[in-house]
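1. Below: sequence and its predicted model.
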Amino acid sequence: MKADTLKRAANPATDALATQLANLHLSSILEHYESLASVAAEKQWPHVEYLAQLVEAETHRREERSIARRISLARFPVIKTLDQFQWNWPKKINRLQVQNLFRLTFIEEKANVIFLANVGLGKSHLSIALGHTACLRGYTVLFTSAVDIINTLSAAQVHGGLKHELRKYLKPRVLIIDELGYLPIDKQGADLLFQIISQRYERGATIITSNRAYKRWPEIFNNDSTLTSALLDRLLHHAETVLIEGKSFRMKDQIEG
């Protein structure tokens with residue numbers, strides 16, 4: 001409880017009220033009940049209106065804190081939004097398809113989204129923007145790279161904590177796996193990643209970014225065509241693929257120079 005708030009309390013009744021509000025963690029009501037009481041008296045609000053205003057402010061504050069907590073737990077490397085995306089840079093992108101994804105119906109359908117593009121075309125940007133929008137709408141999200149998943153699970157497997165560590169990737173409503181295919185994956189890593197895709201199948205939405213066309217995915221998974229086929233079967237059963245073509249945006253200045 002804020003010390004200055006208690007000092008402003010005029011009598012034992014308000015002292016007790018302030019203490020109870022603090023104990024109940026009603027921080028917005030604690031902060032505003034006195035000032036809003038003056039406004040209510042001046043405008044002759046009924047008691048219910050005064051109470052409604054206090055509760056509404058408390059609700060908004062809690063929503064803001066919940067959003068901030070979900071964004072923090074998502075572990076985005078940076079915050080990106082759809083408004084920031086440079087639509088005029090890719091040579092080819094289905095803008096309506098991408099915008100429709102931001103309705104987030106794929107999350108409720110426990111479907112997947114795969115962004116396929118070469119480097120520097122905004123696939124990670126769009127995946128983060130989708131995840132950020134999901135956080136704003138009340139969904140739990142986790143952003144990670146394919147390499148980080150494999151390294152984390154491999155270490156957990158060595159120490160006997162694989163089952164516990166797997167839950168971290170299975171629990172969020174939305175899992176974003178970035179940069180699949182940028183580095184080769186050995187058999188153990190491929191098996192671990194398959195476990196996540198398999199166990200999230202029809203249980204949660206997964207967003208993947210990759211620089212490899214599907215026909216080249218066996219190269220990612222240690223040339224194991226059987227495992228790759230099984231993974232793609234689960235991944236693409238309920239999925240939308242977004243193809244982006246063009247030159248890297250990070251080379252824009254050199255290209256235009």
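-> Ah, there it is.
2. Tell me which residues touch Phe106, please.
-> Phe106 sits next to 112-113, 205, 240 when contact means Cβ atoms under 8 Å, 6 or more residues apart in numbering. Glycine gets a C-beta too; all of them are placed from N, C-alpha and C.
3. redo that, cut-off 6 Å
-> Neighbouring residues of Phe106 by Cβ atoms under 6 Å, 6 or more residues apart in numbering: Ala205.
4. what helix or strand is it on?
-> helix 105-108 (DSSP states H and E).
5. On the C-terminal side of that helix, identify the next helix or strand.
-> Criterion used, DSSP H and E; the element after helix 105-108 is strand 112-116.
6. list the buried ones in the helix holding Phe106?
-> Neighbour counts over helix 105-108 (16 or more other Cβ atoms under 10 Å) mark 106-107 as buried.
7. now stretch 58-68
-> 58, 61.
8. Which parts of the stretch 51-200 of the chain are helices?
-> 95-101, 105-108, 123-136, 146-158, 162-170, 187-200 (DSSP state H, counting those that start in this stretch).
9. and of those helices, who's closest to Ile176?
-> Smallest distance to Ile176 across those (Cβ to Cβ): 5.1 Å, for helix 123-136.
10. what angle sits between that closest one and strand 112-116?
-> 150 degrees (axes from the mean of the first three to the mean of the last three Cα atoms, to 10 degrees).
11. Domains of this protein: list them as residue ranges, please.
-> 3-73, 82-256 (automatic domain parsing).
12. Could you list the low-confidence segments of the stretch 151-257 of the chain?
-> Applying pLDDT under 70 to the stretch 151-257 of the chain flags the ranges 249-257.
13. Could you give the average pLDDT over the helix holding Phe106?
-> In this model, helix 105-108 carries a mean pLDDT of 98.
14. Could you do stretch 130-142 as well?
-> The model assigns stretch 130-142 a mean pLDDT of 98.
15. got the CA positions of it in PDB?
-> C-alpha atoms of stretch 130-142 as PDB (Å, rounded to 0.1, in the frame of the first residue of the first chain):
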ATOM      1  CA  LEU A 130       0.500 -12.300 -35.100                       C
ATOM      2  CA  GLY A 131       1.700 -13.500 -31.700                       C
ATOM      3  CA  HIS A 132       1.500  -9.900 -30.300                       C
ATOM      4  CA  THR A 133      -2.000  -9.600 -31.500                       C
ATOM      5  CA  ALA A 134      -2.900 -12.900 -29.900                       C
ATOM      6  CA  CYS A 135      -1.500 -11.600 -26.600                       C
ATOM      7  CA  LEU A 136      -3.700  -8.500 -26.800                       C
ATOM      8  CA  ARG A 137      -6.700 -10.800 -27.400                       C
ATOM      9  CA  GLY A 138      -6.100 -12.900 -24.300                       C
ATOM     10  CA  TYR A 139      -4.100 -15.900 -25.700                       C
ATOM     11  CA  THR A 140      -0.900 -17.300 -24.300                       C
ATOM     12  CA  VAL A 141       2.000 -17.200 -26.700                       C
ATOM     13  CA  LEU A 142       5.600 -18.400 -26.700                       C
END
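16. Identify all contacting residues around that stretch.
-> 67, 70-71, 74, 102, 104, 107, 143, 172-176.
17. Same question for it: list its buried residues.
-> Result for stretch 130-142 [16+ other Cβ under 10 Å]: buried residues 130-135, 139-142.
18. One more: stretch 236-250?
-> Here stretch 236-250 shows 239, 242-244, 247, 249 as buried, counting by 16+ other Cβ under 10 Å.
19. on that earlier part again, can you name the two of the buried residues of stretch 130-142 that are farthest apart?
-> Farthest pair in those, by Cβ to Cβ: Thr133 and Leu142, 14.9 Å.
20. among the buried residues of stretch 236-250, which are in helices?
-> Among these, none falls in helices (DSSP state H).
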